[in-house]
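Q: starting from these lines, generate the structure:
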Amino acid sequence: MTAAERPTYEQAREELVDVVRRLEAGGVTLEESLTLWERGEELAKICQEWLDGARARLDAAAPESTGDDSAK
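A: Have a look, this model is predicted:
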């Protein structure tokens, strides 16, 4: 998946919510359930990657603490 094809965090989260809603509602075949589950796993991974990247950017932007005061 290229960066252009990768959904935004919000897009992935919304699709994941839809996948969960469909799985919880039932009424789908086993094959459809497996396909939805696999897509949900993929979307959860995409969301986690976005969150990890955001955390890394925040950590990089945060000023470094100096001395022992950081432990308090």
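
Q: ok now do residue 6, which residues does it touch?
A: Taking Cβ atoms under 8 Å, 6 or more residues apart in numbering, we find residue 6 in contact with residue 46. Using the backbone N, CA and C atoms, a C-beta is placed for each residue, glycine as well.

Q: mind checking the SS state of it?
A: Following DSSP: H, G, I helix; E, B strand; the rest coil, residue 6 is assigned to coil.

Q: for it, give me the backbone phi and psi.
A: The phi and psi values for residue 6, taken as degrees, to the nearest 10, are phi -70, psi 130.

Q: in the longest helix seen in the chain, what's buried?
A: When the chain is parsed with DSSP state H, its longest helix is helix 30-61. The neighbour-count check on helix 30-61 (16 or more other Cβ atoms under 10 Å) flags 36, 40, 43, 46, 47, 50 as buried.

Q: need those in JSON lines (columns: pLDDT and distance to residue 13).
A: Formatted as JSON lines, the buried residues of helix 30-61 follow (pLDDT from 0 to 100; distance: Cβ to Cβ, whole Å):
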{"residue": "36", "pLDDT": "98", "distance to residue 13": "16"}
{"residue": "40", "pLDDT": "98", "distance to residue 13": "11"}
{"residue": "43", "pLDDT": "98", "distance to residue 13": "8"}
{"residue": "46", "pLDDT": "97", "distance to residue 13": "9"}
{"residue": "47", "pLDDT": "97", "distance to residue 13": "6"}
{"residue": "50", "pLDDT": "96", "distance to residue 13": "9"}
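
Q: where does the protein dip in pLDDT?
A: 1, 65-72 (pLDDT under 70).

Q: and residue 35, how far from residue 3?
A: Residue 35 sits 25 Å away from residue 3, going by Cβ to Cβ, to the nearest Å.

Q: my error: substitute residue 22 in the last question.
A: For residue 22 relative to residue 3 (Cβ to Cβ), the value is 28 Å.
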